[in-house]
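Trainee: The sequence and its predicted three-dimensional model are supplied below.
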Amino acid sequence: MRRYASLAAAALVGLFVSGCSASHEASAPVETRTSAKPSVRPSVKESSFDLPENAEVLVAETSGTSDKDLKEFKPGKGVYTIYSRCSGKGKVTIVDRDDDKDGTTLVRCDGVVSVGRVYVDIETQRLQIRVAGDPTNWTVAVVAGEHDV
């Protein structure tokens, strides 16, 4: 089922490189949104990212300063959107734990939000954040579907 892994990794790299970049101020208020349908998943309002309204959150906003395995998830339609931000002098990559050779994407550590779409087979995704070098702070969130970047 991993026949599209290299293609998905290339798409992820391309989208993060050319993806959305917007300045983010820590003092800016967080917009709260509500969903019309009840869900046991984390809601959009629990994120400091500007996530799409009514988005299905697959991985709630997660932050750290070192390597971390993200919660496994299965995108229902073969596409998901990753929001990421990091700051510091280190190097942060998002890694597909099942294909860490081709499934690696560098996150720019300049404090801006990067947004990327990932197209995959409908199967469980296992992502990891890897940090190398100097102290670095990172934050990521993953939502289901294809959203504007």
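Mentor: Good, I have the coordinates.

Trainee: Just give the strands next to the helix or strand hosting residue 114 in its sheet, each with its orientation.
Mentor: Taking DSSP states H and E as the criterion, residue 114 maps to strand 114-119. Using DSSP bridges, strand 114-119 pairs in its sheet with strand 79-88 (antiparallel).

Trainee: Would you mind giving the secondary structure of the closest residue to residue 68 other than its chain neighbours?
Mentor: Spatial nearest neighbour of residue 68, chain neighbours left out: residue 129 (4.9 Å); criterion: Cβ to Cβ, 6 or more residues apart in numbering. For every residue, glycine as well, the C-beta is placed using N, CA and C. Recorded secondary structure, residue 129: strand (DSSP: H, G, I helix; E, B strand; the rest coil).

Trainee: mean confidence score for the strand holding residue 114?
Mentor: Rounded to a whole number, the mean pLDDT of strand 114-119 is 91.

Trainee: Now do the buried residues in that strand.
Mentor: Buried residues in strand 114-119, counted by 16 or more other Cβ atoms under 10 Å: 114-119.

Trainee: what's the answer for stretch 116-132, then?
Mentor: Residues of stretch 116-132 classed as buried by neighbour count (16+ other Cβ under 10 Å): 116-120, 125-131.

Trainee: Would you format those residues as JSON lines with distance to residue 141 included?
Mentor: Listed next are the buried residues of stretch 116-132 as JSON lines, based on distance: Cβ to Cβ, whole Å:
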{"residue": "116", "distance to residue 141": "12"}
{"residue": "117", "distance to residue 141": "14"}
{"residue": "118", "distance to residue 141": "13"}
{"residue": "119", "distance to residue 141": "18"}
{"residue": "120", "distance to residue 141": "17"}
{"residue": "125", "distance to residue 141": "14"}
{"residue": "126", "distance to residue 141": "16"}
{"residue": "127", "distance to residue 141": "12"}
{"residue": "128", "distance to residue 141": "15"}
{"residue": "129", "distance to residue 141": "12"}
{"residue": "130", "distance to residue 141": "17"}
{"residue": "131", "distance to residue 141": "17"}
